[in-house]
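Asker: got a predicted model here, sequence first, then my questions.
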Amino acid sequence: MRKEKKIPSEAVAPLAADLHDWYARNHRVLPWRGITDAYRIWISEIILQQTRVVQGYAYYNRFVSRFPDVRALAAADDDEVMKLWQGLGYYSRARNLLAAARQVVERFGGEFPTTYEAIRSLPGIGDYTAAAIASFAYGLPHAVVDGNVYRVLARIYGIDTPIDTTEGKKLFAALADELLDRKDPGGYNQALMEFGALYCVPRSPQCGGCIFADRCMALATGRVEELPVKLGRTVVKPRYFNYFYVRHGDYTWVRRREGRDIWRNLYELPLIETAEEASLDVLQQSEEWARLFAGAGRVSVSAQVYACKHVLSHRVIHARFYVVETEQLLPMEDYVRIAVGELGDYAVSRLTEGFLEKMSANYPALF
DNA sequence: AAGTCGGGGTA
DNA sequence: TACCCAGACTT
């Protein structure tokens, strides 16, 4: 029989009273705070998934300005939504956002759902986001558990169960629910997260003046820097992308990325991905090259004009860019021909954006 | 339970 | 560098 792991939360004075007091004195003023519009709260929560406030701030303002309500978003063009999301990362959020807006219109008559279960059923909304919307917009008693909550609770209660395990997730969810202030779930949730974001920070928190210094197990045992525990192994795999900025007159070519891969629904230049670093010579002898430039006539290729390592959380992309001018107008299967000036209308990855910026700075004649 | 999906900030 | 950020979804 396994020993029941019970966190003795009764042994620690409840956090709510001190938390509310701290929040009143220290919280940031943000456009999605102090409102009850579930639509705007939802937009902010999706944008802020795995994203810092400073990074998402401008995106939020642009989004709610362009799409003031759920019906406006539901009617939006897919590419425009991707363009608004460009540079923010985790693009499935944008795709799910649009899909969810359309479901709100179809399933709920255009009114954002008002129960936890209904909210949770929308694409892109998991346990955290459903609890956030339900408590902030409707005052429903659901505890949020995000990275901040894991950290604050792990430290105060001295919990070293890894947070990225099923056991850890269940344990913290149960504790957060037990601690939730039922009189003000939304205010309590926001305060707990804000406390983690501003004060109980991952590294070098100033525990000296902490409002919980008298009851923090981690501080008492000198384990503040060790908690929370995460198993997390980040294996970074390399990929090799060879891009071609193809020109014929004022035309160039782009393609929308499809399939289960990074940057789905974003646009990119003609690409040959290789299993390892490849020279231009090798690329020119490949089948992909032949297929790409079939019917191009004489093809003149620049030397590599731009190269970089694009680092993602679990990938490092070794990218090389070349400029190609073709004698004939290309058929270029899979790619769409556009005027060079229209490049800016298409949502692209930060990698491609970086190349385009570099090009327009160094070779303005090509743009 | 493990893998995938971005980009940027911080020590 | 390594870790983290108002996580969700797929396999």
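Answerer: Nice, I can see it. Quantities reported herein were computed from a predicted structural model and do not represent experimental measurements.
Asker: so which residues of the stretch 101-250 of chain A form helices?
Answerer: A:116-120, A:127-138, A:147-156, A:166-179, A:185-198, A:217-221 (DSSP state H, counting those that start in this stretch).
Asker: format those as JSON lines; extra columns: mean pLDDT and mean neighbour count.
Answerer: C-betas here are computed from N, CA, C, even on glycine. Formatted as JSON lines, the helices of the stretch 101-250 of chain A follow (pLDDT from 0 to 100; neighbours: other C-beta atoms under 10 Å):
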{"stretch": "helix A:116-120", "mean pLDDT": "98", "mean neighbour count": "17"}
{"stretch": "helix A:127-138", "mean pLDDT": "98", "mean neighbour count": "23"}
{"stretch": "helix A:147-156", "mean pLDDT": "97", "mean neighbour count": "23"}
{"stretch": "helix A:166-179", "mean pLDDT": "97", "mean neighbour count": "16"}
{"stretch": "helix A:185-198", "mean pLDDT": "97", "mean neighbour count": "22"}
{"stretch": "helix A:217-221", "mean pLDDT": "96", "mean neighbour count": "17"}
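Asker: same list, those, but as JSON lines with distance to DNA strand C please.
Answerer: Shown next, in JSON lines, are these (distance: least, C-beta to the nearest atom of the strand, whole Å):
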{"stretch": "helix A:116-120", "distance to DNA strand C": "8"}
{"stretch": "helix A:127-138", "distance to DNA strand C": "3"}
{"stretch": "helix A:147-156", "distance to DNA strand C": "3"}
{"stretch": "helix A:166-179", "distance to DNA strand C": "10"}
{"stretch": "helix A:185-198", "distance to DNA strand C": "4"}
{"stretch": "helix A:217-221", "distance to DNA strand C": "13"}
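Asker: dump these into a markdown table; add distance to A:His310 as well.
Answerer: A markdown table is the format used below for the helices of the stretch 101-250 of chain A (distance: least, C-beta to C-beta, whole Å):
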| stretch | distance to A:His310 |
| --- | --- |
| helix A:116-120 | 34 |
| helix A:127-138 | 28 |
| helix A:147-156 | 24 |
| helix A:166-179 | 31 |
| helix A:185-198 | 28 |
| helix A:217-221 | 37 |
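Asker: out of these, which gets nearest to A:Ile46?
Answerer: A:Ile46 lies closest to helix A:127-138 among these, at 6.9 Å (C-beta to C-beta).
Asker: ok, A:Val53 - contacts?
Answerer: By C-beta atoms under 8 Å, 6 or more residues apart in numbering, the residues touching A:Val53 are A:28, A:30, A:197.
Asker: what is the burial count for whatever residue of the stretch 151-300 of chain A ends up closest to DNA strand C?
Answerer: In the stretch 151-300 of chain A, the residue that lies nearest DNA strand C is A:Pro202 (3.8 Å; C-beta to the nearest atom of the strand). Close neighbours of A:Pro202, defined as other C-beta atoms under 10 Å, add up to 11.
Asker: so who does it touch?
Answerer: Counting by C-beta under 8 Å, 6+ apart, A:Pro202 makes contact with A:Arg151.
Asker: mind pulling up the pLDDT for it?
Answerer: Looking at A:Pro202, its pLDDT is 96.
Asker: run through the residues of chain A sitting next to DNA strand B.
Answerer: A:50-52, A:54-55, A:87-92, A:165-167, A:203-204, A:231, A:233, A:235, A:237, A:260-264, A:310, A:312-315, A:349-351 (C-beta under 7 Å from any atom of the strand).
Asker: out of these, which sit inside strands?
Answerer: Counted as lying in strands by DSSP state E, out of these, are A:237, A:310, A:315.
Asker: ok, A:Gly196 - contacts?
Answerer: Counting by C-beta under 8 Å, 6+ apart, A:Gly196 touches A:147-149, A:151-152.
Asker: which one of the contacts of A:Val53 is nearest DNA strand B?
Answerer: Of the contacts of A:Val53, the one sitting nearest to DNA strand B (C-beta to the nearest atom of the strand) turns out to be A:Ala197, at 11.3 Å.
Asker: the closest one contacts A:Asn148, correct?
Answerer: Yes - under the criterion of C-beta atoms under 8 Å, A:Ala197 makes contact with A:Asn148 at 5.4 Å.
Asker: and the stretch 1-150 of chain A, which of its residues are near DNA strand C?
Answerer: A:30, A:32-33, A:44-45, A:48-53, A:90, A:92, A:96, A:123-130, A:132, A:146-148, A:150.
Asker: quick one: distance of stretch A:54-61 to the chain centre.
Answerer: Offset of stretch A:54-61 from its chain centre (C-alpha atoms, centre = their mean, to the nearest Å): 12 Å.
Asker: nope, stretch A:49-63 is what I meant
Answerer: For stretch A:49-63, the distance to the chain centre is 10 Å (C-alpha atoms, centre = their mean).
Asker: any idea what A:Ile338 is bridged to?
Answerer: On the basis of DSSP bridges, A:Ile338 is bridged to A:Thr252.
Asker: surely it and A:Arg256 touch.
Answerer: No - with contact defined as C-beta under 8 Å, A:Ile338 does not reach A:Arg256; the gap is 11.8 Å.
Asker: number of nearby residues for the closest residue to DNA strand C within chain A?
Answerer: Nearest to DNA strand C in chain A, going by C-beta to the nearest atom of the strand, is A:Gly126, at a distance of 2.5 Å. Counted by other C-beta under 10 Å, the residues lying close to A:Gly126 total 9.
Asker: how close does the nearest residue in space to it that is not next to it in sequence get to A:Ala132?
Answerer: Distances taken as C-beta to C-beta, 6 or more residues apart in numbering place A:Arg120 nearest to A:Gly126, at 7.5 Å, with adjacent residues excluded. Applying C-beta to C-beta, to the nearest Å, the value for A:Arg120 to A:Ala132 is 11 Å.
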